[in-house]
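A.B. asks: Task: produce atomic coordinates for the following.
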Amino acid sequence: MKNYTEALQIIEKAVSSFGTEEVDVRSANVVIADDIFSSHPVPSFSNSAMDGYCLKSSITDKACSDNHIEFQVKGSIFAGDEPPSNIKDFDVYEIMTGAKMPDDMDTVLPVEKGKLIEKDGSKFLLINEPVKKNANVRKSGEDFQKDDLILSKGSLINDHHKIGMIMNNISSIKAFRKPLIGILTTGNELNRTSSSSIPNSNGPFLESAVQSMGLECTMNVHAEDQINLIINQIQELKDSGANIILTSGGVSAGKADFIPAALTEMGAEILFHKLWIRPGKPVLMAKFPNGQIVFGLPGNPVSVAVGFRFLAAQAIRIAQGRKLEKPITSKNLKSYKKSEKFCLFAKAIAHVDDGGQIHTEVMSGQESFKVKPFRDANCWALIPEGIETVKKDEIISIYPLSSDGDINF
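C.D. replies: Predicted coordinates:
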């Protein structure tokens, strides 16, 4: 059997991008396929950082309490206005936040610091101390210079990234095409009317997890434990255009576990089957000759959650041109013992103390059928193979419960 690190290496080698496409920046929730650079300075023109009076600072150099300098207020400049030209030395303009600075003016005096007087029907601004050059002015290119990097290839665009791109007049970008996901749950016991049936939680969970990553599910289907029915449903998912197929159940060694045989019969290559992980040891990964990927997850709900979170979701990241997810480090709150042979993905509770240190407690109820701990859990704790006991205050790795999610401390 492979360990978790070896499984990730197999995933990195087997999975590649499913192509690129042009996407409108305004609606983009995608991973960019190229570095994006600024094509011009931002701001594109110098503008006022506040409401005030714009003027030439050099004229105020000799201003003092015994030497007031008078500037005639010639008018007002609002945001969006084209500023006046042919400015005279002792002219001043009221200017509003964001308004373009006149070419010959280089500073803004805040409105509350200006003293106005009226003479002969005109307004004059009195200044009795030097005004610093470039004060309260946002200079052209102060945010982005031409050819500055806006966003690196492989970045998942968020709402804040869009501000910078739109400010740079970028309307569309080349992005990695989002993989389409197909889902198959198996088992005679699901959604039946007999007293021995159980609810099918795996299908809805996987579809919700896929959608939480901003991806589309082509089909979410079920098959009873017959190999011909399973083959038919997998073929349906393949024909639906699914790039990655997620199955649950039927991957262990029982008489009703037909997923490995079905995939082999359909021509898929089994890349790994069974890992030194808990929960989810029987998990499987396969690849069809046309590049379609299959993750066969065990049937227990926590095994499905682990298999999606730490295997399928990592494959999705790679398919989108992203790097494997990095863990968050935390201090272990209580000593915890596990099997040394397995890498454990444990339901856990993390909190931050007053000093900013993260502490994490591995919860009880780690069995793969127990979902009640999800009521209180806010993260996963990863304890690798080769370790039997994690002592109090030792550093451990934790991950948000959901891919691309946050830990709700």
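A.B. asks: what about the helices in the stretch 51-200 of the chain?
C.D. replies: Per DSSP state H, counting those that start in this stretch, the stretch 51-200 of the chain carries helices over the ranges 159-167.
A.B. asks: Tell me the secondary structure at the residue nearest to residue 358 when sequence neighbours are not counted.
C.D. replies: Among residues not flanking residue 358 along the chain, residue 330 sits closest, at 4.1 Å (C-beta to C-beta, 6 or more residues apart in numbering). To be clear about C-beta, it is placed using only N, CA and C from the backbone, and glycine gets the same treatment. Here residue 330 is recorded as strand under DSSP: H, G, I helix; E, B strand; the rest coil.
A.B. asks: got the contact list for residue 330?
C.D. replies: Shown in contact with residue 330 (C-beta atoms under 8 Å, 6 or more residues apart in numbering): 350, 358-360, 381, 395-398.
A.B. asks: Filter the residues you listed down to the ones in strands?
C.D. replies: Members of the contacts of residue 330 lying in strands (criterion: DSSP state E): 350, 358-360, 381, 395-398.
A.B. asks: okay, now residue 126: neighbour count?
C.D. replies: By other C-beta atoms under 10 Å, the residues close to residue 126 number 13.
A.B. asks: for residue 237, same thing?
C.D. replies: Residue neighbour count, defined by other C-beta under 10 Å, stands at 24 for residue 237.
A.B. asks: Work out for me the element it sits within.
C.D. replies: Residue 237 is part of helix 227-239, with elements assigned from DSSP states H and E.
A.B. asks: Now that helix: average pLDDT?
C.D. replies: Average pLDDT, helix 227-239: 97.
A.B. asks: Which residues does that helix contact?
C.D. replies: By C-beta under 8 Å, 6+ apart, the residues outside helix 227-239 that reach it are 182-184, 186, 218-219, 221-223, 245, 247, 250, 258-259, 261-263, 265-266, 288, 292, 294.
A.B. asks: could you measure the closest residue to residue 122 other than its chain neighbours against residue 316, distance?
C.D. replies: Leaving aside its chain neighbours, residue 122 sits nearest to residue 72 (5.9 Å; criterion: C-beta to C-beta, 6+ apart). Between residue 72 and residue 316 the computed distance is 65 Å (C-beta to C-beta, to the nearest Å).
A.B. asks: ok, those two, which is more surrounded?
C.D. replies: A count of neighbours by other C-beta under 10 Å puts residue 316 above the other of residue 72 and residue 316, at 24 against 14.
A.B. asks: Can you tell me the SS state at the more buried one?
C.D. replies: Put simply, residue 316 is helix when judged by three-state DSSP.
A.B. asks: Just to check, it is in contact with residue 179?
C.D. replies: Yes - with contact defined as C-beta atoms under 8 Å, residue 316 counts as touching residue 179 (6.0 Å).
A.B. asks: For the two, list the residues in contact with both.
C.D. replies: Counting by C-beta under 8 Å, 6+ apart, the shared contacts of residue 316 and residue 179 are 215, 244.
A.B. asks: Domain ranges for this protein, per the record?
C.D. replies: The domain map for the chain lists 4-19+177-319, 23-43+142-176, 47-138, 328-400, with the assignment taken from automatic domain parsing.
A.B. asks: now, of the ones you listed, which is deepest in the fold?
C.D. replies: domain 4-19+177-319 (a mean of 19; mean count of other C-beta atoms under 10 Å).
A.B. asks: now the end-to-end length of that one.
C.D. replies: Separation of the first and last residues of domain 4-19+177-319 by C-alpha to C-alpha, to the nearest Å is 19 Å.
A.B. asks: start the count at 17, not 1, going forward
C.D. replies: Okay, using 17 as the starting number, the last item reads as domain 20-35+193-335.
A.B. asks: Pull the distance from that domain to the chain's centre.
C.D. replies: 24 Å (C-alpha atoms, centre = their mean, to the nearest Å).
A.B. asks: cool, stretch 415-425 as well?
C.D. replies: Relative to the chain's own centre, stretch 415-425 is displaced by 11 Å; criterion: C-alpha atoms, centre = their mean.
A.B. asks: Over to stretch 158-174?
C.D. replies: On the basis of C-alpha atoms, centre = their mean, stretch 158-174 sits 15 Å off its chain's mean C-alpha point.
A.B. asks: So what touches that stretch?
C.D. replies: By C-beta under 8 Å, 6+ apart, the residues outside stretch 158-174 that reach it are 41, 44-59, 177, 180-181, 183-184, 186, 189, 191, 336-339, 420.
A.B. asks: can you check stretch 401-415 too?
C.D. replies: Under the criterion C-beta under 8 Å, 6+ apart, residues 19-20, 292, 325-326, 341, 343-359, 364, 366, 374, 376, 378, 395-399, 423 lie in contact with stretch 401-415.
A.B. asks: So residue 403: helix, strand or coil?
C.D. replies: Under three-state DSSP, residue 403 comes out as coil.
A.B. asks: Helix or strand, whichever it is, which one in this protein has the lowest mean pLDDT?
C.D. replies: strand 131-135 (a mean of 91; mean pLDDT, DSSP states H and E).
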